[in-house]
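> How does the following fold in three dimensions:
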Amino acid sequence: MRTILIVLVLAVVGFLLLGYSNPAWWRGRTEGPAPVTGTTGTIDKEKARERGAELGEKAAIATEHLREAAHETTITTKIKAKMALDDSVKSRSVDVSTDGSTVTLSGRVGSTAERRRAVALARETDGVTTVIDRLAVETR
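As a prediction, the model looks like this:
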């Protein structure tokens, strides 16, 4: 009786160890390749070329928009950096926005001299053709 009990315990332990090391086996699952899905019919090559050309054109347009946005951001950053390094302009109170090569300055400045200096810094920045001055001078 003792021998049968030992064999039975060993069988259960072996089954559990086998089950834990390969859980798919004791759940009734087997590993193998995934089922194959096929397609039927023919591919319209002309339609595929048209779609590829359309996507290529959209990608080119998106790239150009990205290039323009990067250029505008570069100009804005240069102007803000110049203002931050200039002691006569409080750059935190001046907003700079760029559209193409046109820069718009808005916000509040403390004096007419500060206003002129902010506009001058924007005008002397490479890539800027027009500066729109919307700065308001605070009167105290």
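> Could you list the low-pLDDT ranges of this protein?
The chain contains residues with pLDDT under 70 at 15-39, 140.
> mind running it again at 80?
For the chain, residues meeting the criterion pLDDT under 80 lie at 1-2, 5, 10-41, 43, 139-140.
> which residues touch stretch 96-109?
By C-beta atoms under 8 Å, 6 or more residues apart in numbering, the residues outside stretch 96-109 that reach it are 68, 72-73, 75-76, 79-80, 83, 89-90, 93-95, 115, 118-119, 122, 125, 127-138. Where C-beta positions appear, they are placed from N, C-alpha and C, glycine not excepted.
> Now that we have the residues you listed, which of them are buried?
For the contacts of stretch 96-109, a burial check counting by 16 or more other C-beta atoms under 10 Å picks out 72, 75-76, 79-80, 83, 89-90, 93-94, 115, 118-119, 122, 125, 128, 131, 135.
> where does the most centrally placed residue in the chain land in three-state SS?
Nearest residue to the geometric centre of the chain (C-alpha atoms, centre = their mean): residue 66, 11.7 Å. The three-state assignment at residue 66 reads helix, by DSSP: H, G, I helix; E, B strand; the rest coil.
> With residue 49 instead?
helix.
> Offset the numbering so it begins at 569, please.
Sounds good: first residue 569 from here, last item residue 617.
> Please determine how far it is located from residue 650.
Remark: distance between residue 617 and residue 650 (C-beta to C-beta, to the nearest Å) = 50 Å.
> cool, residue 694 as well?
With distances defined as C-beta to C-beta, the gap from residue 694 to residue 650 amounts to 11 Å.
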